[in-house]
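Participant: 3D model of this:
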Amino acid sequence: MHAPVLPMAFGTIIPSEAELIQNVLLPNENEHSALLEHFTGSVQFTVRARYLRDEVLADLVAENPDVARLRETIAGTTETQTRQARIQLGELIVQAFDQIRPHHAEHIVTAIQPVVQQMQQREVGQVEDVVELAVLVSSDEVKRFEDALESVASELHARIDFQLLGPQAPYDFVGIDE
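Facilitator: Okay, here's the model as predicted:
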């Protein structure tokens, strides 16, 4: 039997069933019921897209003469000999990733948007991260969602690696006002 679940914060400890009922369930019964009804027939997935670093760096070297020049400057040197050039090269590479990321992220979002109920874009943490999305998908639309994601992944596979996690409990959507 499949039923919707409402996630609780990790590490939540409730000493007894009676306290769970008295302190958590009864005071929030209407809200929990509404959320359970809302999530019935839906699942959350997490989509992560990340640049394949070596492939994208090769493109950046080919497309940007400053990156190519600095790369040649530091080749065969120690960090102390070319510290400033290395810092400058790192800054140029981060800027280049920052310039291409919005286009690719929007392309991915646009491809899956028609088959998701809700979407939350999470903040990315690494320079190679393109986008991380939490998506709420109707159980009836999971196949269409997976097909849409597979389609965009096949378009971008030479430069971007995709990861799909789920189905999961709707962690990112509990508490979102409609």
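Participant: residue nearest the centroid of this structure?
Facilitator: Residue closest to the mean C-alpha point of the chain, counted by Cα atoms, centre = their mean, is residue 132 at 1.1 Å.
Participant: by contact count, what packs against the helix ranked longest in the chain?
Facilitator: Longest helix of the chain, by residue count under DSSP state H: helix 83-112. Applying 3 or more Cβ pairs under 8 Å, 6 or more residues apart in numbering; DSSP states H and E, one finds that helix 83-112 contacts strand 42-51, helix 53-63, helix 65-74, strand 118-122, strand 129-138, helix 142-156. To be clear about C-beta, it is placed using only N, CA and C from the backbone, and glycine gets the same treatment.
Participant: Pull the second one out as CSV, backbone CA atoms only.
Facilitator: Same thing as helix 53-63. This file holds the C-alpha atoms of helix 53-63, laid out as CSV (Å, rounded to 0.1, in the frame of the first residue of the first chain):
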residue,chain,number,x,y,z
ARG,A,53,35.0,19.5,-15.4
ASP,A,54,37.6,18.2,-17.9
GLU,A,55,35.4,18.6,-20.9
VAL,A,56,34.2,22.1,-20.0
LEU,A,57,37.7,23.2,-19.1
ALA,A,58,38.9,22.0,-22.5
ASP,A,59,36.2,24.2,-24.1
LEU,A,60,37.2,27.2,-21.9
VAL,A,61,40.9,26.9,-22.9
ALA,A,62,39.9,26.7,-26.6
GLU,A,63,37.5,29.6,-26.4
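Participant: between the helix or strand bottoming out on mean pLDDT in the chain and strand 129-138, what angle do the directions make?
Facilitator: None of the helices or strands of the chain scores lower by mean pLDDT, DSSP states H and E than helix 29-39, at a mean of 75. Relative orientation of helix 29-39 versus strand 129-138 (axes from the mean of the first three to the mean of the last three Cα atoms, to 10 degrees): 100 degrees.
Participant: which parts of helix 29-39 are buried?
Facilitator: Under the neighbour-count criterion of 16 or more other Cβ atoms under 10 Å, helix 29-39 has 35, 38, 39 buried.
Participant: Next: stretch 114-133.
Facilitator: 115, 116, 117, 119, 124, 127, 128, 129, 130, 131, 132, 133.
Participant: now do stretch 66-73
Facilitator: By neighbour count with 16+ other Cβ under 10 Å, stretch 66-73 contains the buried residues 67, 70, 71, 73.
Participant: I'd like those written out as a markdown table, with distance to residue 51 added.
Facilitator: Converted to a markdown table, the buried residues of stretch 66-73 look like this (distance: Cβ to Cβ, whole Å):
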| residue | distance to residue 51 |
| --- | --- |
| 67 | 15 |
| 70 | 20 |
| 71 | 18 |
| 73 | 24 |
